[in-house]
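S.K.: Below is the sequence, then the predicted model.
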Number of protein chains: 2
Amino acid sequence: MEKILLAHGSGGMLMHKLIDSLFIERFGGSVLKEKKDSAIIRMGGKEVAFTTDSYVVDPVFFPGGDIGSLALYGTVNDLSVCGAKPLFISLAMIIEEGLDRDALEKIASSIKNAARAAGVEIVTGDTKVVERGSCDKIFINTSGIGEIYYPGLSVDRIRPGDSIILSGTMGEHAISVLSKREGISFLSKVKSDSAPLNGLIFRVLKASKMVKFMRDPTRGGVATTLNEIAAGGNFGIAIDESSLPVAPGVRSACELLGFDPLYLACEGRVIMVVRRGDEGKILRAMKRDPIGKSACVIGKVIAQGRGKVYLNTASGGKRIVSMLTGEQLPRIC
Amino acid sequence: MEKILLAHGSGGMLMHKLIDSLFIERFGGSVLKEKKDSAIIRMGGKEVAFTTDSYVVDPVFFPGGDIGSLALYGTVNDLSVCGAKPLFISLAMIIEEGLDRDALEKIASSIKNAARAAGVEIVTGDTKVVERGSCDKIFINTSGIGEIYYPGLSVDRIRPGDSIILSGTMGEHAISVLSKREGISFLSKVKSDSAPLNGLIFRVLKASKMVKFMRDPTRGGVATTLNEIAAGGNFGIAIDESSLPVAPGVRSACELLGFDPLYLACEGRVIMVVRRGDEGKILRAMKRDPIGKSACVIGKVIAQGRGKVYLNTASGGKRIVSMLTGEQLPRIC
């Protein structure tokens, strides 16, 4: 009998297949089929974004964040990349019996601070407790509602020649969680990039009307997100290895542990597909935000290789970058 | 060091204290403080209900339902009791590595059928997989959005003399889950009452403008829900033991196992506080729906005993019915 594997939750190929075959096929409304980070629905004559995410990160506390701030920012970011102003958040916790109340208080305070930093309000919640051994410390679901202020973001608008911008370095989140989980002390200086993207994105969207599509490269990393974008369109994507921003700590971790930074999850970065010519003002807007200071153009949309992502290597070669297959790092978010 | 206990998730006294001290105090926006089943927010000039619930029921399949339909109906009901028409649902699953794909397919189909029965659309989702032993088979979070069509439901409108109506028998859900979990075969004829309440509630609200407040008696049962209602107001509540509807299977289970049906979770029942005089048309409207055929008046709002719930016993006595303390049945939803 077929079993569910860890890789089914990786954000990569197997997860996409599972979701397509099990859920999209069954529930298959037009909104769900778009497979955006948020659903775009109409309420009271306005376009509204609605999204949900569960967080199961292990360990619960890691350099640069914890499950609370991660859960808050993650949902804020899923709304933000759809051109929405995040407004209202729901918070549902599943707690393992025996969790220290102190840990729970720390997480609650972290959520409070994160909500304040992102300018959103937690309006509803739920608390469940399960027996020891029936969950791992705490799982948090956040759902969120935002009002669309920049409509029309769509893969359909992407054309060959468009530029691909990444707002910052890749993979700090994944490496920070891994270093804490495995107790790799020399990596402990790498801090998660977990952060709310609504401020940075708002600056950019005020500066340019030529942003065509956005997505935050979480599970499966930049490589998987670019594949998701390419899969939906009549174009290919080419990125340049030499332009990919990687912080030194992440680079050494990858060399040592054999990870490819292209597949490492970020939790405070956004990929934007923008019309050629607007890169300058977009990068200037991004760099005015502290979390955008390493923003750069990492590649472009091309007419060839429909549905595929290519990497122009630093040594002058060219290879296909596929979606994540299997599981690189479970429970990263 | 203080630890989180199962009872903190019971729906009863300890849970209320935890939520008040840990969450309401910190996040304390005006919407959250109302502690309704759904948050009432404004979007595009309209009143919208927004709610979230995580489902951890054990076992996943039980007589009359499963975690999928339960999760769908639970959120539909939390919207419905706030006078909202449920429209959009998010679906987030945390799956234990090794779960049979067949079980997942069965759950997915059940969710699909439940969404159709309730007339809602699943518009966004999330899938996480955790290592074997890090969760128990599957946990599901549903959040939901609905449009308010019957505004003004509030504990503040409740006055002495108002009637308390319960839409059906108590405790089938709790007993069906328990019988399956413990393998008590002679109870297996008791089927969960899990059902969508939006149809029944819509009929009632069309029939009467005098419904003042509603809530569905889930965790902690009718006793806890009535205490929640009384706690918010300047009145007491008196219920009559002889009028409480209990199905024969639940009654014998309670006698045998020592449970009080007043504390058993329902998943397809609603408690309404209505103005005296309107009970007749409300009950007629309820009884037109198959899930409302045992609807009856179970008590009334009284001027005395502010904040308290009293039971007039069948033998002519009177006692205080407190909120659930401790944990009666963990992981019932």
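M.R.: Arrived safely.

S.K.: wouldn't residue A:269 be in contact with residue A:167 here?
M.R.: Yes. Taking Cβ atoms under 8 Å as the definition, residue A:269 is a contact partner of residue A:167 at 5.2 Å. Heads up, the C-betas are built off the backbone N, CA and C, glycines and all.

S.K.: who touches both of the two?
M.R.: Each of residue A:197 lies in contact with both residue A:269 and residue A:167 under the rule Cβ atoms under 8 Å, 6 or more residues apart in numbering or on different chains.

S.K.: buried sites along stretch A:163-172?
M.R.: For stretch A:163-172, burial by neighbour count (16 or more other Cβ atoms under 10 Å in any protein chain shown) applies to A:163-172.

S.K.: quick one: low-confidence ranges for chain A?
M.R.: Under the criterion pLDDT under 70, no range of chain A is flagged.

S.K.: ok, the residue lying closest to residue A:143 once chain neighbours are set aside to residue A:120 distance?
M.R.: Leaving out its chain neighbours, the residue that sits closest to residue A:143 by Cβ to Cβ, 6 or more residues apart in numbering or on different chains is residue B:143, at 3.7 Å. Using Cβ to Cβ, to the nearest Å, residue B:143 is found at 15 Å from residue A:120.

S.K.: And for residue A:232?
M.R.: Residue A:232 sits at a distance of 28 Å from residue A:120 (criterion: Cβ to Cβ).

S.K.: Look at these two and report which has more neighbours.
M.R.: Neighbour tally, residue A:232 and residue A:120, criterion other Cβ atoms under 10 Å in any protein chain shown: the higher count belongs to residue A:120, 26 against 17.

S.K.: Tell me the helix or strand right after the helix ranked longest in chain A.
M.R.: Once chain A is assigned using DSSP state H, the helix that runs over the most residues is helix A:101-118. For helix A:101-118, the succeeding helix or strand toward the C-terminus, using DSSP states H and E, is strand A:121-130.

S.K.: Can you find the residue of the stretch 101-250 of chain A that comes nearest to chain B?
M.R.: Nearest to chain B in the stretch 101-250 of chain A, going by Cβ to the nearest Cβ, is residue A:129, at a distance of 3.0 Å.

S.K.: residue boundaries of the helices in chain A?
M.R.: Ranges of helices within chain A are A:13-18, A:25-27, A:30-33, A:67-80, A:101-118, A:172-182, A:198-207, A:221-231, A:248-257, A:279-287, based on DSSP H.

S.K.: Buried deepest among those helices, which one?
M.R.: Stretch with highest mean neighbour count among the helices of chain A: helix A:67-80 (a mean of 29; mean count of other Cβ atoms under 10 Å in any protein chain shown).

S.K.: quick one on the thing from earlier: quick check: the residue of the stretch 101-250 of chain A closest to chain B vs residue A:17, distance?
M.R.: According to Cβ to Cβ, residue A:129 and residue A:17 sit 34 Å apart.

S.K.: Apart from its neighbours in sequence, what residue is nearest the residue sitting nearest the centre point of chain A?
M.R.: Nearest to the mean C-alpha position of chain A, counting by Cα atoms, centre = their mean, stands residue A:218 at 3.0 Å. Counting by Cβ to Cβ, 6+ apart, residue A:218 lies nearest to residue A:265, which is 5.1 Å off, once chain neighbours are set aside.

S.K.: That neighbour: neighbouring residues, count only.
M.R.: 31.

S.K.: OK, contacts around it?
M.R.: Applying Cβ under 8 Å, 6+ apart, the residues near residue A:265 are A:11, A:171, A:173-174, A:217-221, A:329, A:332-333.

S.K.: who's in contact with the closest residue to residue A:190 other than its chain neighbours?
M.R.: Spatially, and ignoring its direct neighbours in sequence, residue A:190 is nearest to residue A:249 (4.1 Å; Cβ to Cβ, 6+ apart). Residues near residue A:249 by Cβ under 8 Å, 6+ apart: A:172, A:175, A:187, A:189-190.

S.K.: ok, of those, which one's closest to residue A:288?
M.R.: The nearest member of those to residue A:288, counting by Cβ to Cβ, is residue A:172 at 20.6 Å.

S.K.: burial count for the residue lying closest to that closest one once chain neighbours are set aside?
M.R.: Closest residue in space to residue A:172, ignoring its immediate chain neighbours: residue A:193 at 4.3 Å, by Cβ to Cβ, 6+ apart. Look at residue A:193: counted by other Cβ under 10 Å, it has 27 neighbours.

S.K.: Tell me how far the closest residue in space to residue A:208 that isn't next to it in sequence lies from chain B.
M.R.: Among residues not flanking residue A:208 along the chain, residue A:278 sits closest, at 4.7 Å (Cβ to Cβ, 6+ apart). Distance, residue A:278 to chain B, using Cβ to the nearest Cβ, to the nearest Å: 29 Å.

S.K.: quick one, what contacts residue A:278?
M.R.: For residue A:278, the contacting residues are A:163, A:208, A:210-211, by Cβ under 8 Å, 6+ apart.

S.K.: just residue A:171 next, same as before
M.R.: By Cβ under 8 Å, 6+ apart, the neighbours of residue A:171 are A:221, A:246-247, A:250, A:254, A:259, A:261, A:264-266.

S.K.: so residue A:158 sits right up against residue A:301, yeah?
M.R.: Yes. Taking contacts as Cβ under 8 Å, residue A:158 lies within contact range of residue A:301: 5.7 Å.

S.K.: Please enumerate the shared neighbours of those two.
M.R.: Jointly contacting residue A:158 and residue A:301 under the rule Cβ under 8 Å, 6+ apart are A:235, A:273.

S.K.: what packs against the longest strand belonging to chain A?
M.R.: Under DSSP state E, the strand in chain A containing the largest number of residues is strand A:84-96. If you count contacts as 3 or more Cβ pairs under 8 Å, 6 or more residues apart in numbering or on different chains; DSSP states H and E, strand A:84-96 packs onto helix A:67-80, helix A:101-118, strand A:121-130, strand A:138-148, helix A:198-207, strand B:39-43, strand B:46-55, strand B:138-148.

S.K.: Between helix A:198-207 and that strand, find me the angle.
M.R.: 160 degrees (axes from the mean of the first three to the mean of the last three Cα atoms, to 10 degrees).

S.K.: gap between strand A:84-96 and the chain center?
M.R.: Centroid displacement of strand A:84-96 relative to its chain, using Cα atoms, centre = their mean, to the nearest Å, is 16 Å.

S.K.: still on that earlier bit, from residue A:329, how far off is the residue nearest to residue A:208?
M.R.: Counting by Cβ to Cβ, the gap from residue A:278 to residue A:329 is 34 Å.

S.K.: can you check residue A:259 too?
M.R.: Taking Cβ to Cβ, one finds residue A:259 at 8 Å from residue A:329.

S.K.: Common neighbours of those two, please.
M.R.: Common neighbours of residue A:259 and residue A:329 (Cβ under 8 Å, 6+ apart) are residue A:174.

S.K.: who has more neighbours, the two?
M.R.: Neighbours per residue, other Cβ under 10 Å: of residue A:259 and residue A:329, the larger number sits with residue A:329, 22 against 19.

S.K.: What sits closest to that one if chain neighbours are left out?
M.R.: Closest residue to residue A:329 apart from its sequence neighbours, by Cβ to Cβ, 6+ apart: residue A:174 at 5.5 Å.

S.K.: isn't the one you found right up against residue A:332?
M.R.: Yes. With contact defined as Cβ under 8 Å, residue A:174 counts as touching residue A:332 (5.4 Å).

S.K.: one step back: can I assume the residue nearest to residue A:172 is in contact with residue A:175?
M.R.: No. Contact criterion Cβ under 8 Å: residue A:193 and residue A:175 do not qualify, at 9.8 Å.

S.K.: Give me the common contacts of those two.
M.R.: Contacts common to residue A:193 and residue A:175, judged by Cβ under 8 Å, 6+ apart, are absent.

S.K.: I'd say residue A:227 and residue A:325 touch.
M.R.: No. Using Cβ under 8 Å, residue A:227 makes no contact with residue A:325, being 10.7 Å away.
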